[in-house]
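Q: predicted model and sequence follow; I will ask about them next.
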Amino acid sequence: MRIPRRTLLAASLAAPLAARAQSAEFPNRQVRIVVPFPPGGGLDALARALADRLQLAWRQAVVVDNRPGGSTVPGTDLVAKAAPDGHTLLITADNSITSNPHLIRNLPHDPMKDLAPVSLLVDVHQMVLVHPSVGAQDMAGLVAAARAAPGRLNFGSYGNASQPHLCFGALMARERIEMVHVPYRGLTPAVLATLAGEVQMTLAGIASGAAHIRAGTLRALAVGKPTRFAALPEVPTLAEAGFDDIDPRTWFGAFAPAGTPPALLARIQRDIATAMADPAVEQRHLAPSGYTVHAATPEATAEFLRQDLAYKARLIQAAGITPD
């Protein structure tokens, strides 16, 4: 049956009007931000800071719903299957979106298809930290130490395919050295294990590592960042150290269910960008953690995700990590 041209024209005009109306009415009830990590971490703190400011802007309650566990799959899946009306959002890290598709065989959703990018929020830069007993003063020294004692050096991670696992796995593949992976249940236990000498190295950001570096209880060999940390100018970047092909990048981003109208995604992104620019958020949550802010549009975030998905595939393959 052919649909009359007048009917098609009316439908085409009504669609953008409906999207604008939905955006204008948003939000009309409580908004839930799902965070698939435990309370208390850097991502959770940023999500709560944004929720506070969005609540003021939207004049509706905005709550953070922590759904930790399961490699972030249950919390991410909850948002992927939610109504695409902007009232259920996801703030998460890269592993939920661009690592899990390569690592989990029966993932109940496709993050690239079942979620709509709202905004890339921040890049999280991590440093290679070693226990002073290692003796290495730089990345070349670390490689030499590992080569001299195959299998004797251990590195602590936050779990399978976490940034330390990917970084040191890629380093081993590139330099043909052997080190032992010791997974812990989070960043803090891995850092504490390195401090205690249970493992010889890990990765951590400036918020977790700076005090230990200044105290001399940990040594920073390099930072995965395009430029050096202003607070630690003596620590070279991995690129400066000759390892520009190993980037343990982590990022935080905001997402909505697929099918959320583009006008609504754009509005949420603009409101998040305004919240991120709040001086109180910058001073309390961004600057102390050494984050690089990216208030990216949904379109720019989508393009970044496509590139990061391919990058993570190469890194996971180089590290020899197989799907569960």
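A: Thanks, I have it. Treat the numbers as computed from the prediction; the structure is a model and nothing was measured.
Q: got the end-to-end distance for stretch 94-113?
A: End-to-end distance for stretch 94-113, by Cα to Cα, to the nearest Å: 15 Å.
Q: what does that stretch contact?
A: Stretch 94-113 has contacts (Cβ atoms under 8 Å, 6 or more residues apart in numbering) with 36, 71-73, 75-77, 80-81, 90, 115, 160-162, 249-251, 253, 255, 258, 305-306, 308-309, 311-313, 316, 321, 323-324. (C-beta placed from N, C-alpha, C; glycine too.)
Q: restricted to buried residues, select the residues you listed in ChimeraX.
A: Typed into ChimeraX, the line below selects the buried ones among these, using 16 or more other Cβ atoms under 10 Å:
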select :36,71,72,73,75,76,77,80,90,115,160,161,162,249,250,251,253,255,258,305,308,309,312,316,321
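Q: just give me the neighbour total for Ile33.
A: Close neighbours of Ile33, defined as other Cβ atoms under 10 Å, add up to 20.
Q: tell me if I'm right that it and Gly86 touch.
A: No. When contacts are counted by Cβ atoms under 8 Å, Ile33 is not listed as touching Gly86 (11.2 Å).
Q: who touches both of these two?
A: By Cβ under 8 Å, 6+ apart, no residue touches both Ile33 and Gly86.
Q: immediately after the top strand by length along the chain, which helix or strand?
A: Looking across the chain with DSSP state E, the single longest strand is strand 115-124. Per DSSP states H and E, the first helix or strand lying C-terminal to strand 115-124 is strand 127-130.
Q: which elements pack onto the helix or strand following that following strand?
A: Beyond strand 127-130 on the C-terminal side, the first helix or strand identified by DSSP H and E is helix 139-148. Applying 3 or more Cβ pairs under 8 Å, 6 or more residues apart in numbering; DSSP states H and E, one finds that helix 139-148 contacts strand 127-130, helix 163-175, strand 219-223.
Q: tell me the most buried of the ones you listed?
A: strand 127-130 (a mean of 28; mean count of other Cβ atoms under 10 Å).
Q: report the angle between the longest strand of the chain and helix 163-175.
A: With axes from the mean of the first three to the mean of the last three Cα atoms, to 10 degrees defining the directions, strand 115-124 sits at 80 degrees from helix 163-175.
Q: mean confidence for strand 115-124?
A: Mean per-residue pLDDT for strand 115-124: 96.
Q: who touches Gln55 in this structure?
A: Taking Cβ under 8 Å, 6+ apart as the test, what Gln55 contacts is 61-62.
Q: name the next helix or strand following whichever helix or strand it is part of along the chain.
A: Element membership for Gln55 (DSSP H and E) is helix 42-58. Going down the chain from helix 42-58, the next helix or strand is strand 62-66, by DSSP H and E.
Q: give me the contacts around that next one.
A: So strand 62-66 is contacted by 30-39, 44, 47-48, 51-52, 54-55, 75 (Cβ under 8 Å, 6+ apart).
Q: would you write a PyMOL line that selects the buried entries of the residues you listed?
A: Only the buried entries of the contacts of strand 62-66 go into this PyMOL selection, using 16+ other Cβ under 10 Å:
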select buried, resi 31+32+33+34+35+36+37+44+47+48+51+54+55+75
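Q: sorry, back to before: of all the helices and strands packed on helix 139-148, which lies closest to Ala196?
A: strand 127-130 (13.0 Å; Cβ to Cβ).
Q: mind listing the strands the longest strand of the chain pairs with, and their directions?
A: strand 250-257 (antiparallel), strand 292-293 (antiparallel) (DSSP bridges).
Q: pretty sure Thr274 sits against Leu56.
A: No. Judged on Cβ under 8 Å, Thr274 makes no contact with Leu56 at a distance of 10.4 Å.
Q: so between these two, which is more surrounded?
A: Taking other Cβ under 10 Å, Thr274 and Leu56 do not tie; Thr274 has more neighbours (13 against 9).
Q: and the more buried one, how far from Ala204?
A: 30 Å (Cβ to Cβ, to the nearest Å).
Q: alpha carbons of stretch 194-203, as PDB, please.
A: Backbone C-alpha positions of stretch 194-203 (Å, rounded to 0.1, in the frame of the first residue of the first chain) are rendered in PDB as follows:
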ATOM      1  CA  THR A 194      53.000  -1.900  45.400                       C
ATOM      2  CA  LEU A 195      53.800   0.300  48.500                       C
ATOM      3  CA  ALA A 196      54.200  -2.900  50.500                       C
ATOM      4  CA  GLY A 197      56.500  -4.600  47.900                       C
ATOM      5  CA  GLU A 198      54.000  -7.400  47.300                       C
ATOM      6  CA  VAL A 199      54.200  -6.400  43.600                       C
ATOM      7  CA  GLN A 200      56.900  -4.200  42.000                       C
ATOM      8  CA  MET A 201      54.700  -1.900  39.900                       C
ATOM      9  CA  THR A 202      51.300  -0.700  38.900                       C
ATOM     10  CA  LEU A 203      49.500   2.300  37.300                       C
END
